[in-house]
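Q: Coordinates for the following, if possible.
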Amino acid sequence: MARPINPKCWECSLLDSKTAKALHGETGDGCWDDQICHRRRSHYRNRADNNQKRKGQYVSVKASRREALRDRDAVKPAAPPVALLYLYRESRRDAHLHALAITVWQGDQKLKELPPTHCMGMTNSQVRQYLQTVLQDLNQTYGIKTFEPEIRYDPSFCPIEPCPLKSL
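A: Below is the predicted model:
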């Protein structure tokens with residue numbers, strides 16, 4: 001909160017400096033101080049203009065910040081491409097991997113989709129080798145070095161036709 005105005009200094013600021021010095025100096029009530037009073041009187045005389053100028057600066061700074069935020073929101077940086085790994089496998093820990101699929105997304109655009117592949121008959125090392133080969137290709141094409149956290153589906157949702165699970 002602003003400091004209250006001293007009524008005595010306010011009245012003094014309305015006088016010319018010789019009259020104010022005579023009234024409040026050594027021959028007057030003795031409150032005159034050469035180091036403080038000139039600046040204080042100027043402050044009181046120009047107070048309304050200075051406050052108006054300060055408010056105008058505040059409004060312009062606030063408007064420029066608002067416009068900068070609007071510009072920042074308008075120009076969104078491009079999202080980096082990501083690779084999603086879909087695993088079709090039961091939720092048990094010892095369940096075998098039924099199938100896998102991979103898609104590459106950038107923001108809300110699908111850049112590439114590798115068709116789902118059945119993993120029946122493949123060993124764990126063969127699956128890892130397949131994934132490493134796919135990652136090398138994705139790294140060369142899109143600069144992707146790792147998959148996002150895997151997305152798991154139940155094998156009953158396998159999109160491959162014909163699927164041995166669906167023929168049962």
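Q: how about low-confidence regions in this protein?
A: The chain contains residues with pLDDT under 70 at 73-77, 167-168.
Q: Which residues does stretch 17-33 contact?
A: Identification of contacts with stretch 17-33 by Cβ atoms under 8 Å, 6 or more residues apart in numbering yields 8, 12-13, 15, 37-38, 41. (Each C-beta comes from the backbone N, C-alpha and C, glycine too.)
Q: Rebuild the residues you listed as CSV, extending it with secondary structure.
A: Rendered in CSV, the data for those read as follows (DSSP: H, G, I helix; E, B strand; the rest coil):
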residue, secondary structure
Lys8, helix
Cys12, helix
Ser13, helix
Leu15, coil
Cys37, helix
His38, helix
Arg41, helix
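Q: Now list the buried members of these.
A: Using 16 or more other Cβ atoms under 10 Å as the burial test, these include 12-13, 37, 41 as buried.
Q: which pair in those spans the largest distance?
A: Farthest pair in those (Cβ to Cβ) is Ser13 and Cys37. Separation: 9.2 Å.
Q: My understanding was that Ala95 contacts Leu87; is that so?
A: No - in this structure, Ala95 is not within contact of Leu87 by Cβ atoms under 8 Å, at 10.1 Å.
Q: Which one of these two is surrounded by more residues?
A: The neighbour count for Ala95 versus Leu87, taken as other Cβ atoms under 10 Å, is higher for Leu87 (16 against 10).
Q: that's a strand at the more buried one, yeah?
A: Yes - applying three-state DSSP, one finds Leu87 inside a strand.
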